[in-house]
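In: Fold the following for me, if possible:
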Amino acid sequence: MKQQEETGAAGSDLIKEYRAETKDRLPDFPDRIRTDGKIYQYIDTEYEEIYEDKSEEVTLTEETVLESDDISQVPRTITRDGIEYKLDEASVTVTVSRSETITGTDILEEYVTYTLPDNDIERLTKQITKDGKTLDLISVEYSVTKATESGVPTEYAARCRYATNIEYEEENPVEWTATATYAGTKTEKVLKEVVARCTYELVGTEASIVQEPSVLPAVIVGGATGAVLIGAFFVFFFFRRRKNTVELYVRGNKKPIHMGHIYAKKKNGVWEFKIPTDFTTIPIVSKESILLKPSKGILKSKIRQARIVSPYGVFFTEIEAEMGVKNKS
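Out: Residues are numbered from 1 along each chain as shown. Reported below is the predicted structural model:
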């Protein structure tokens, strides 16, 4: 499994980049990051899929109807699904795919020579048999083969022609089919890796984390005057922060799902609440699953829309005086 992690910065935000072969092989993203004395809170993730070209040799078998058995009619290249294929000429075979029956008349004949004492036609055989067919005497040619000293013929040769008409049928090819193999190169895009770019917002520094009043250590700065200044600053900071807070409830529960408050800030015309995973293990997946109890500072604001950034998703809801939990702030 291939995983890579890179860190970058964009303004005051922190960008964490993770790479893996597929999305399900990406690691779990941390909710908070502490680095170089700064604290960053997860906001959202953008995914990018990177593809690369992969090529492979492919073949296909194609049939072409021809007007004769001449293979020069077979196409040399064809295109299928955007792939160009070239003919393998050695693979071409041609067969008759359609024939027509032709009928006609032919003559079956035979020549026979007889030796006769005279040229009387009645001595000739009028019919003979050949190939199971009966042939009739059509014509005869006589020639003298012997004669007396005075020239009187004593022997004749009769060359007879016998014949008959016969009907025949034969199949005449009128269409041929060529079968051939074509080869081409198929190129497609395959997923190479998935890049996840997680954005983290700077929410504070290690030095700015304020402890609860009950556990604050005693700090002396310039004697009594310094102690008074530190106390005044803390009271101002604490009550100013409490002015813009909400308590978070799961619908149906009477108690908040965390101890303390979630602080809000105005961002892009809405109140934005960021809910870290260490506050609750209950999935906050939609505005219907939670209830907000806003402080008076938020209720007095003209901004009525809230953007809730949860590790389980980002969604919007409306701020009302009563949101299922009676406001006692």
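In: Show me what the one helix or strand residue 177 maps to is packed up against.
Out: Element membership for residue 177, per DSSP states H and E: strand 153-205. Judged by 3 or more C-beta pairs under 8 Å, 6 or more residues apart in numbering; DSSP states H and E, strand 153-205 is in contact with strand 13-20, strand 38-66, strand 83-116, strand 127-130, strand 133-147. C-beta: built from backbone N, CA, C; applies to glycine.
In: Turn the ones you listed into a markdown table, including distance to residue 272.
Out: Formatted as a markdown table, the helices and strands packed on strand 153-205 follow (distance: least, C-beta to C-beta, whole Å):
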| stretch | distance to residue 272 |
| --- | --- |
| strand 13-20 | 14 |
| strand 38-66 | 10 |
| strand 83-116 | 52 |
| strand 127-130 | 112 |
| strand 133-147 | 109 |
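In: Could you identify which of the ones you listed is most buried?
Out: Highest mean neighbour count among those (mean count of other C-beta atoms under 10 Å): strand 13-20, with a mean of 18.
In: Name every strand pairing with that one and say which way it goes.
Out: strand 3-10 (antiparallel), strand 153-205 (antiparallel) (DSSP bridges).
In: Nearest to residue 106, out of these?
Out: strand 153-205 (5.4 Å; C-beta to C-beta).
In: in the protein, what spans have low per-residue confidence?
Out: The chain contains residues with pLDDT under 70 at 1-11, 207-244, 246-261, 263, 276-292, 296-297, 310-316, 320-329.
In: what domains does the record give for it?
Out: Following automatic domain parsing, one finds the domains of the chain at 211-240, 244-318.
In: List the buried residues in stretch 184-193.
Out: Under the neighbour-count criterion of 16 or more other C-beta atoms under 10 Å, stretch 184-193 has 184, 193 buried.
In: And the contacts of that stretch?
Out: Outside stretch 184-193, the residues that touch it by C-beta atoms under 8 Å, 6 or more residues apart in numbering are 2, 19-22, 49-60, 83-86.
In: Need the CA coordinates for stretch 110-121. PDB is fine.
Out: Coordinates of each C-alpha in stretch 110-121 appear next as PDB, following Å, rounded to 0.1, in the frame of the first residue of the first chain:
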ATOM      1  CA  GLU A 110     -21.800 -40.600 -78.500                       C
ATOM      2  CA  TYR A 111     -20.200 -41.700 -81.800                       C
ATOM      3  CA  VAL A 112     -20.200 -45.400 -82.900                       C
ATOM      4  CA  THR A 113     -18.700 -46.900 -86.100                       C
ATOM      5  CA  TYR A 114     -20.100 -50.000 -87.700                       C
ATOM      6  CA  THR A 115     -18.600 -52.300 -90.500                       C
ATOM      7  CA  LEU A 116     -21.400 -53.200 -93.000                       C
ATOM      8  CA  PRO A 117     -21.600 -55.000 -96.300                       C
ATOM      9  CA  ASP A 118     -23.700 -52.200 -97.800                       C
ATOM     10  CA  ASN A 119     -25.000 -48.700 -96.900                       C
ATOM     11  CA  ASP A 120     -28.500 -49.800 -96.000                       C
ATOM     12  CA  ILE A 121     -29.600 -47.500 -93.100                       C
END
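In: Quick check: beta-bridge partners of residue 66?
Out: Beta-bridge partners of residue 66, as defined by DSSP bridges: residue 176.
In: oh sorry, the question was meant for residue 106
Out: residue 166.
In: can I assume it is in contact with residue 169?
Out: No - applying C-beta atoms under 8 Å, one finds residue 106 not in contact with residue 169, separated by 11.2 Å.
In: distance of residue 26 from residue 308?
Out: Distance, residue 26 to residue 308, using C-beta to C-beta, to the nearest Å: 24 Å.
In: ok, the two, which is more surrounded?
Out: Using other C-beta atoms under 10 Å as the criterion, residue 26 and residue 308 rank with residue 308 on top: 25 against 18.
In: so is the residue lying closest to that one once chain neighbours are set aside in a helix, a strand, or just coil?
Out: Leaving aside its sequence neighbours, residue 308 sits nearest to residue 273 (C-beta to C-beta, 6 or more residues apart in numbering; 5.3 Å). Following DSSP: H, G, I helix; E, B strand; the rest coil, the label given to residue 273 is strand.
In: burial of residue 273, as a residue count?
Out: Neighbour tally, residue 273, other C-beta under 10 Å: 22.
In: Is it correct that it is in contact with residue 245?
Out: No - counting by C-beta under 8 Å, residue 273 does not reach residue 245; the two are 9.1 Å apart.
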